[in-house]
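Chemist: Following is a predicted model, sequence given first.
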Amino acid sequence: MRFYYRFIEPDLDLIELGQVDALWAKISDQFRAFIGMTTFEELCRSWVAAKTRRGEMPFLFQQLGSHWAADAQVDVVAVNWQEKAILLGECKWGLEAVGRGVIRELVDKSPRATPGNDWTVHYVYFARAGFTEAAVDEARTIHAQLVDLHRLDRDLRGEE
């Protein structure tokens, strides 16, 4: 529905006139960003929910969503308040494989283990184009899950 009201409904006249190429020319520069910021992130959160239902995640979440603040934006956040466990996830819809820097960036902006902060932090990264070897190595050191588009699709289809 979001896609329809954002891209189609405002230009129904172009479709009625058979000007589909003109419509695509008008929306194509925004299309990739729209998919990355809406559909792909929602699919990634659905993946977390599906894997949790199957008992394949480190904890059962009580809340699942995203987080936006002045100093940080996290695409996937799952929390269990009683267990003091949090899953943080980053979603990348770009055409290039995700590198080590993306892995480090999420870790660097996440809560640190400090006295009185006994939360367990888990990480998951989603990438349309996969991951570089450096990213895989870095993810291994923090025990993060890496999910490419093929795995995301396979795991979500397994839920049907």
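Modeler: Cool, got the structure. Numbering: from 1, shown residues only.
Chemist: Three-state assignment for the residue nearest the centre of the chain, please.
Modeler: By C-alpha atoms, centre = their mean, the chain has its centre lying nearest to residue 91, at 3.2 Å. Three-state assignment for residue 91 (DSSP: H, G, I helix; E, B strand; the rest coil): strand.
Chemist: From the contact counts, what lies against the helix or strand containing residue 154?
Modeler: Counting by DSSP states H and E, the element that carries residue 154 is helix 149-157. Judged by 3 or more C-beta pairs under 8 Å, 6 or more residues apart in numbering; DSSP states H and E, helix 149-157 is in contact with helix 41-53. Just so you know, the C-beta spots here come from the backbone N, C-alpha and C atoms, and that holds for glycine as well.
Chemist: who's in contact with the longest helix seen in the chain?
Modeler: When the chain is scanned for its longest helix (criterion: DSSP state H), the result is helix 20-34. Residues outside helix 20-34 that contact it (C-beta atoms under 8 Å, 6 or more residues apart in numbering): 3, 6, 7, 8, 11, 14, 15, 93.
Chemist: try 6 Å this time
Modeler: 7, 11, 14 (C-beta atoms under 6 Å, 6 or more residues apart in numbering).
Chemist: Kindly give a single ChimeraX line that selects the buried subset of those.
Modeler: To isolate in ChimeraX the members of the contacts of helix 20-34 that are buried, counting by 16 or more other C-beta atoms under 10 Å, one can use:
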select :7,14
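Chemist: Tell me the one among the contacts of helix 20-34 nearest to residue 75.
Modeler: Nearest to residue 75 among those is residue 7, at 22.1 Å by C-beta to C-beta.
Chemist: quick one, phi psi at the closest one?
Modeler: Backbone torsions for residue 7, taken as degrees, to the nearest 10, come to phi -110, psi -30.
Chemist: List the single closest residue to it in space, sequence neighbours excluded.
Modeler: Sequence neighbours aside, residue 27 is the residue nearest to residue 7 in space, at 4.7 Å (criterion: C-beta to C-beta, 6 or more residues apart in numbering).
Chemist: How about residue 62?
Modeler: Of all residues not flanking residue 62 in the chain, residue 80 sits nearest, at 5.3 Å (C-beta to C-beta, 6+ apart).
Chemist: Can you give me the neighbour number for the one you found?
Modeler: Other residues within reach of residue 80, judged by other C-beta atoms under 10 Å, total 17.
Chemist: and what of residue 76?
Modeler: 23.
Chemist: Go ahead and confirm it touches residue 45.
Modeler: Yes: look at residue 76 against residue 45 with C-beta atoms under 6 Å: they come within range, at 5.5 Å.
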